[in-house]
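**Student:** turn this into a model:
(chains A and B)
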Amino acid sequence: MIEFVNFHLVPGLVLGSIYALGAIGVTLTFGILRFANFAHGETMTLGAYFTLALIALTGLHPLLLVPVAMALTALAVLGMDRLFFRPLRHGPTIILVIASFGLMLMVRSLVQIVWGAKLQTFSKGIDLPWVLLDTLRIFPKHVVIIGAALGLMAAVHLLLSRTRAGKAMRAMADSPDLARLTGIDTERVIRTTWIVGAGLAAAAGALLAYDTHLHTNMGFRVLLPIFAAALLGGIGRPYGAMAGGLVIGMAEELSTYPWIGTEPLVPPGYKAGVAFAIMVAILIWRPSGLFRGRVF
Amino acid sequence: MTGGYGGAEVIHEVSVRVDPAEIVVLIGPNGAGKSSVMNAVLGRLRVDGGHVRLTGRDMTGVPPEQIVRQGVSFVPQTGNVFPNLTVNENLEMGAYIRSDDFRPRIEEMYALFPPLAEKRRAPAGTLSGGQRQMVAIAKALMVEPVVLLLDEPTAGLSPRVRGDIFRVVREINTHGTPILMVEQNARQALGIADRGYVLVDGRNRLEGTGAGLLADPDVGAMFLGGGGGESRAEASDHGDDTRG
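**Tutor:** Okay, the predicted model is just below:
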């Protein structure tokens, strides 16, 4: 039982929180700009490496620098929108998808050129867990990651439900045509969407790096589970994406628990396949996702 | 105005005017160009000849998002509310271009449409067809428009709800908002209209006061005969073809 909590439940919550942050951006981009952004994983990578660069520059704690990295990433993504997506906005969707694929490769190569391809970490040394009741081991960094993710999700909720900009985002996700007829500044809504999506992705990337390490492939490796989370929650449904992220993260970690006998149910090496299996299952049986999103 | 989409012209020298505080109704068979006239006003249809004028200003070729800011509010026939936004949020979005305090206006809308007041926290997509139409109209009124354009506001509604909508349209108008309305339910629409235009094949066919058109035997034959107004309208459309 304790082993279950220490090695499966808590890591599942941590991974799920990170996926949830990433999936919100994917689902918002899909709902408002109407395309699957393959460069979203690279946005996460960028957030992690910006944090690394800021640590080298200032020597401050990574978590203090995450907001700065979020802002830098948002600026970078606004630039990418200007250069790559905006000129293609009125063409067929598939062109935007392919453009995002190209952008994904370009950003990853740029990160490799600037920061190198080897594994890196925010800080050296060992993180010691708090030991509760002699057996329950909780790592402070895990508490911090889950707390930060929950805080950001609460902020997204307030943005979408309380602010004019957030309501305009939901309106445009409902109907871009009507939004235009209503006088909503759609380009401004698109900019807000990029800023929110990129900021959350940067935070997700930095938190993932804080939990483990940095690698230029880190964003690409979580892209599939994040897409799976967005699909599970229903495309265009930010709250669905949060729930979907948590479910996928938990499913990946819980799948390696020895539910039957003493061997892991799914060998840890195949953990990544769990998200893929869930995604395939959703696409077959419930393409609108758990929260009735849009079906394309 | 003359204009069309792509290469084809769909309206030919159509002339429509709405005077201050008037209700003007466009009627005509399917494909007569009624909705195209509205799209021309909204800047969504290419105008090749003629002009769109709003209180004296030339609005020809002004893009749709600018038209709204000039005070032209439009309620499309379908997809006219944001289904996942609550009733109240729909009204807030209706006021998107306003920078002043629009809360009193929201309360005015709830006074005008009492059924909506109880549903203000409900997502618009969960409302009945008639209530949704009310949300759409209220949303369009949030900007206190110079002119309100309604595209078949009673399409698909039950006769009782249709009556409610026409009554509300009349009431909005008595508060001073001019209205241009495309309608299939010609008899009821002309009943509340100050003036009306009959369009056929993208041209002006008849023009007159609401009462005058109601009494016109041609209009009667085309739209108002018996209970099957719409099928008769189509029959007359074919008649036009044979006459050339």
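**Student:** make it CA atoms for all contacts and neighbour counts henceforth
**Tutor:** Noted.
**Student:** can you pull out the low-pLDDT segments for the chain?
**Tutor:** No chain was given, so I picked chain A. Scanning chain A for pLDDT under 70 picks out the ranges A:125-126, A:134, A:291-296.
**Student:** can you look at chain B instead?
**Tutor:** Residues of chain B that meet the cut-off, pLDDT under 70, sit at B:6-7, B:223-244.
**Student:** show me where it has helices.
**Tutor:** B:34-41, B:64-69, B:87-94, B:103-112, B:114-117, B:129-141, B:159-174, B:186-192, B:210-215, B:217-219, B:229-243 (DSSP state H).
**Student:** pop out the phi and psi values for the nearest residue to A:P267 once chain neighbours are set aside.
**Tutor:** Excluding the flanking residues, the one nearest A:P267 by CA to CA, 6 or more residues apart in numbering or on different chains is A:T256, at 6.1 Å. With angles defined as degrees, to the nearest 10, A:T256 sits at phi -90, psi 0.
**Student:** can you report how many residues lie near the nearest residue to B:R132 once chain neighbours are set aside?
**Tutor:** Nearest residue to B:R132, sequence neighbours excluded (CA to CA, 6+ apart): B:A124, at 6.4 Å. Using other CA atoms under 10 Å in any protein chain shown, B:A124 is surrounded by 26 other residues.
**Student:** same question, A:L60
**Tutor:** Every residue meeting other CA under 10 Å relative to A:L60 is counted, giving 11.
**Student:** can you check A:T163 too?
**Tutor:** Counted with other CA under 10 Å, A:T163 comes out at 12.
**Student:** in the sheet, who's paired with the most centrally placed residue in chain B?
**Tutor:** Geometric centre of chain B, nearest residue: B:L150, 1.8 Å, by CA atoms, centre = their mean. Beta bridges link B:L150 to B:V75, B:M181, judged by DSSP bridges.
**Student:** contacts only, for it.
**Tutor:** Neighbouring residues of B:L150 by CA atoms under 8 Å, 6 or more residues apart in numbering or on different chains: B:74-77, B:179-182.
**Student:** now B:N90
**Tutor:** Shown in contact with B:N90 (CA under 8 Å, 6+ apart): B:81-82, B:124, B:135, B:139.
**Student:** excluding sequence neighbours, find me the nearest residue to A:I278.
**Tutor:** A:A228 (7.1 Å).
**Student:** and the one you found, how far from B:I67?
**Tutor:** Distance, A:A228 to B:I67, by CA to CA, to the nearest Å: 41 Å.
**Student:** what about the two, which has more around it?
**Tutor:** Between A:A228 and B:I67, A:A228 has the larger neighbour count (other CA under 10 Å), namely 29 against 22.
**Student:** check which helix or strand that one maps to.
**Tutor:** Taking DSSP states H and E as the criterion, A:A228 maps to helix A:218-233.
**Student:** who are the packing partners of that helix?
**Tutor:** Counting contacts by 3 or more CA pairs under 8 Å, 6 or more residues apart in numbering or on different chains; DSSP states H and E, helix A:218-233 packs against helix A:10-33, helix A:40-58, helix A:238-254, helix A:271-285.
**Student:** reformat those as JSON lines; add mean neighbour count and distance to B:A21.
**Tutor:** Shown next, in JSON lines, are the helices and strands packed on helix A:218-233 (neighbours: other CA atoms under 10 Å in any protein chain shown; distance: least, CA to CA, whole Å):
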{"stretch": "helix A:10-33", "mean neighbour count": "28", "distance to B:A21": "38"}
{"stretch": "helix A:40-58", "mean neighbour count": "25", "distance to B:A21": "52"}
{"stretch": "helix A:238-254", "mean neighbour count": "26", "distance to B:A21": "44"}
{"stretch": "helix A:271-285", "mean neighbour count": "16", "distance to B:A21": "54"}
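**Student:** can you redo those helices as CSV with distance to B:A111?
**Tutor:** Formatted as CSV, these follow (distance: least, CA to CA, whole Å):
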stretch, distance to B:A111
helix A:10-33, 33
helix A:40-58, 46
helix A:238-254, 33
helix A:271-285, 45
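**Student:** of all those helices, which one is nearest A:V68?
**Tutor:** Between A:V68 and these, the tightest spacing by CA to CA is seen for helix A:40-58, at 7.8 Å.
**Student:** report the angle between that closest one and helix A:10-33.
**Tutor:** 110 degrees (axes from the mean of the first three to the mean of the last three CA atoms, to 10 degrees).
**Student:** and the stretch 151-296 of chain A, which of its residues are near chain B?
**Tutor:** Residues of the stretch 151-296 of chain A lying close to chain B by CA under 8 Å from any CA of the partner chain are A:164, A:167-168, A:170-171, A:174-175, A:178, A:180-184.
**Student:** mind listing what the closest residue to A:A230 other than its chain neighbours touches?
**Tutor:** Residue nearest to A:A230 in three dimensions, not counting chain neighbours: A:A241, with 4.7 Å by CA to CA, 6+ apart. Applying CA under 8 Å, 6+ apart, we find A:A241 in contact with A:20, A:23-24, A:27, A:229-235.
**Student:** and those, which is closest to B:T209?
**Tutor:** Closest to B:T209 out of the contacts of A:A241 is A:I235 (50.4 Å), distances taken as CA to CA.
**Student:** now do the SS call for that closest one.
**Tutor:** coil (DSSP: H, G, I helix; E, B strand; the rest coil).
**Student:** I figured it was touching A:T27, is that so?
**Tutor:** Yes - in this structure A:I235 lies within contact range of A:T27 using CA atoms under 8 Å: 5.5 Å.
**Student:** what about the residue in the stretch 1-150 of chain A positioned nearest to chain B, distance to B:T86?
**Tutor:** Closest approach between the stretch 1-150 of chain A and chain B, counting by CA to the nearest CA: A:G31, at 12.4 Å. Distance of A:G31 to B:T86, given as CA to CA: 18 Å.
**Student:** residue contacts, residue 194?
**Tutor:** No chain was given, so I picked chain A. If you count contacts by CA under 8 Å, 6+ apart, then A:W194 has A:25, A:29, A:74, A:77-78 around it.
**Student:** not what I meant, chain B
**Tutor:** By CA under 8 Å, 6+ apart, the contact list for B:D194 reads B:22-24, B:209-211.
**Student:** so can I have TSV of these showing neighbour count and distance to B:V52?
**Tutor:** Formatted as TSV, those follow (neighbours: other CA atoms under 10 Å in any protein chain shown; distance: CA to CA, whole Å):
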residue	neighbour count	distance to B:V52
B:E22	20	18
B:I23	27	18
B:V24	27	16
B:T209	17	22
B:G210	23	23
B:A211	16	27
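**Student:** export those residues to CSV and tack on distance to chain A?
**Tutor:** Output for the contacts of B:D194, formatted as CSV (distance: CA to the nearest CA, whole Å):
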residue, distance to chain A
B:E22, 23
B:I23, 22
B:V24, 21
B:T209, 30
B:G210, 29
B:A211, 33
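**Student:** for those, give me JSON lines that also has distance to A:T193.
**Tutor:** Output for the contacts of B:D194, formatted as JSON lines (distance: CA to CA, whole Å):
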{"residue": "B:E22", "distance to A:T193": "42"}
{"residue": "B:I23", "distance to A:T193": "40"}
{"residue": "B:V24", "distance to A:T193": "41"}
{"residue": "B:T209", "distance to A:T193": "50"}
{"residue": "B:G210", "distance to A:T193": "48"}
{"residue": "B:A211", "distance to A:T193": "52"}
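**Student:** write out the residues of chain B neighbouring chain A.
**Tutor:** B:64-66, B:68-69, B:73-74, B:79-85, B:89, B:93-94, B:96-97, B:140.
**Student:** which among the residues you listed end up buried?
**Tutor:** Among those, those classed as buried by neighbour count (16 or more other CA atoms under 10 Å in any protein chain shown) are B:64-66, B:68-69, B:73-74, B:79-85, B:89, B:93-94, B:96-97, B:140.
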